[in-house]
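> 3D model of this:
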Amino acid sequence: MDRPASALKELIENSIDAHATQIDLFLAEGGVQEMRVVDNGDGIHPDDFPLLATSHATSKIRHIGDLEFASTLGFRGEALHALSVVSTLRIRSRRDGFSGMEASFSGGEATEILPVGITKGTVVIVQDLFHSLPARLRFLGSSSEEAARCRKVVLDHLLAHPQIAFTLKHGNRTLLRSGGNNHLPDLASLSWGQEVAACALPIEIKGEEWALSGLLTRPDHGIRGKKGLHVSVNGRPVSMPGINAGLKKACSGWMGDGRSPQAILRFTVPADRVDVNVHPTKSRVALRVEGWSDLLIQETRKSLTSLLGLPSLSLGGEIEQRHLPLDKPVGYLGIVFGTFLVFTQEDELILLDGHAASERVLYEELGAQAPPAAQPLLSPIETPLPIQVSHRRALWKRLGILWEEHPTHWLVTALPPHIPAHALSITDAEEDERAEDFRESLRSGACRGSWRGGMEMNSALAQSLWNGWIRCQDPWTCPHGRRVALRLQRDDAERLFQRKTD
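Predicted coordinates for the structure are as follows:
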């Protein structure tokens, strides 16, 4: 807990765990002077008040097995204790069927517990945050900067729980307000703005053990960085490595200049398939489900292609999106500028980058090849659980590694001859690099083996290349992300030559 936003996050998650449908938040001086959270949740049982600020005391874990099926956002019992040490803390609450209670804490100790009149729910008041830690105070930003960080925390939870009504005020100014109508497009405007949110694309993907829903901005609304990306797993806002890169890959060909799409993605995964203890602040999780990353890319590209089609030439020289019926026959006209193949398809002229298309075909063929046979190990190698479970499964399968999965570790039982045992001890960051190295080796192999300008090309070879290209899972870009094809419609040509003016 290093700043007001991290304290506010813990209090919001307590309210959500208490099944609140209305959460009102008030900040003074960026949350340092005062932070107040008011909810209409279940309330706190009077018997629990003496334990509220006790370290590691929690009402959310009843049995040891609950740790394997953690369905609440909080469960460690650390937040209220930490707040009681670094601030002046007051908590009022009433549960149905019981009288209201109020407890005051300072320096980690309860100073008084009294009965109080209050409606059902809980009020938490944090004052003079970090008053006992002047060094921490010196590293905080201005009140407006800290309030902006608090707004980001509230926005992430608001988008993860659109059924809950939120209000956030800083002094007399309202920073956020939602009605809890469970309508994600309305809430998306709080992050992206009304114009961008109004034309966002819905996402609905289902795997064997998981589901993903949300919204994706159109590629022409892409931005630099990850500001507009909001990801949650079972209602917990998280940062998931690979999401932004996956979305950029899915949108390649429609979006360039280093931009990324904005998205609101909500994963639903069985509780026992999520490890929320891989990061101290629970801001990252490990998913023990397979295939979500590849399926996200594939389904996103399908949706964009269905709606926007293949990039085409427009009169202004910009790239716009129109549908290209790949299943219809084409006629080959020849080559221009040494490397671009020219096809006709009904009333359209299609320009295909022969090298890029050949690269894409060969890249997918190389990726589909079976890995070398693994050799059994005399002594299996134990490795710690990875943070990115599905990512490592996919990589190891591709490399031909055989292993067994256990609750606390993985046991490698066989390795291909070209993979040394010490390679299994790499960190998750290094594993990302290893995966990228593998993809780069495929890209290099595809580039070296593909058709290039100056090589033989005739009608039969061109038709064969076209047929291979349209069967690719990801035909719109080459393995390096460059566009493969453009097209000119007859209507566009007639406008260019002023045969049409509409």
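> tell me the domain boundaries of the protein?
Following automatic domain parsing, one gets these domains for the chain: 4-177, 184-301, 309-502.
> Quick one: those domains as JSON lines, columns for mean pLDDT too.
Conversion of the domains of the chain to JSON lines gives the following (pLDDT from 0 to 100):
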{"stretch": "domain 4-177", "mean pLDDT": "86"}
{"stretch": "domain 184-301", "mean pLDDT": "78"}
{"stretch": "domain 309-502", "mean pLDDT": "72"}
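> how about these in TSV, adding mean neighbour count?
C-betas here are computed from N, CA, C, even on glycine. Putting the domains of the chain into TSV (neighbours: other CB atoms under 10 Å) gives the following:
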stretch	mean neighbour count
domain 4-177	18
domain 184-301	18
domain 309-502	15
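> Any chance of the backbone angles for Ile350?
Here the main-chain torsion angles of Ile350 (degrees, to the nearest 10) amount to phi -120, psi 130.
> for it, what are its contacts?
Contact analysis of Ile350 by CB atoms under 8 Å, 6 or more residues apart in numbering lists Leu324, Val330, Val342, Phe343, Thr344, Ala485, Leu486, Arg487.
> how much space between the second one and Cys472?
With distances taken as CB to CB, to the nearest Å, Val330 is found 16 Å from Cys472.
> Phi, psi for Ala450 please.
One thing to correct before we go on: residue 450 is Ser, not Ala. With angles defined as degrees, to the nearest 10, Ser450 sits at phi -90, psi 170.
> Now do the SS call for the nearest residue to it once chain neighbours are set aside.
Taking CB to CB, 6 or more residues apart in numbering, and ignoring the residues beside it in sequence, Ser450 has Ser358 as its nearest neighbour in space, at 3.7 Å. Three-state assignment for Ser358 (DSSP: H, G, I helix; E, B strand; the rest coil): helix.
> mind listing the strands for the stretch 251-400 of the chain?
Counting by DSSP state E, counting those that start in this stretch, the stretch 251-400 of the chain forms strands over residues 263-268, 274-275, 286-287, 310-313, 319-322, 331-336, 340-345, 348-353, 375-384, given from the N-terminal end onward.
> Show me the one of those strands that comes nearest Ser459.
Taking CB to CB as the criterion, strand 331-336 is the member of the strands of the stretch 251-400 of the chain that comes nearest to Ser459, at 4.9 Å.
> Show residues contacting the closest one.
With CB under 8 Å, 6+ apart as the contact definition, strand 331-336 has outside contacts at 341-345, 351, 354, 453, 457, 459, 462-463, 466.
> and what of stretch 140-155?
Contacts made with stretch 140-155 from outside it, assessed by CB under 8 Å, 6+ apart, are listed as 3-6, 8-9, 12, 25, 27, 29-32, 130, 166, 168, 170, 175-176, 190-191, 230, 237.
> ok, now with 7 Å
3-5, 8-9, 12, 25, 27, 29-32, 166, 168, 170, 175-176, 190-191 (CB atoms under 7 Å, 6 or more residues apart in numbering).
> Can I get that stretch in PDB? Just the C-alpha atoms.
Taking Å, rounded to 0.1, in the frame of the first residue of the first chain, the C-alpha atoms of stretch 140-155 are listed here in PDB:
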ATOM      1  CA  LEU A 140       3.400  11.300  -3.600                       C
ATOM      2  CA  GLY A 141       2.300  13.500  -6.400                       C
ATOM      3  CA  SER A 142       0.000  16.500  -6.200                       C
ATOM      4  CA  SER A 143      -3.600  16.100  -5.000                       C
ATOM      5  CA  SER A 144      -4.800  16.200  -8.600                       C
ATOM      6  CA  GLU A 145      -2.300  13.500  -9.700                       C
ATOM      7  CA  GLU A 146      -3.200  11.200  -6.800                       C
ATOM      8  CA  ALA A 147      -6.900  11.800  -7.600                       C
ATOM      9  CA  ALA A 148      -6.300  10.800 -11.200                       C
ATOM     10  CA  ARG A 149      -4.700   7.600 -10.000                       C
ATOM     11  CA  CYS A 150      -7.700   6.900  -7.800                       C
ATOM     12  CA  ARG A 151     -10.000   7.600 -10.800                       C
ATOM     13  CA  LYS A 152      -8.100   4.900 -12.800                       C
ATOM     14  CA  VAL A 153      -8.600   2.400 -10.000                       C
ATOM     15  CA  VAL A 154     -12.300   3.100  -9.800                       C
ATOM     16  CA  LEU A 155     -12.700   3.000 -13.600                       C
END
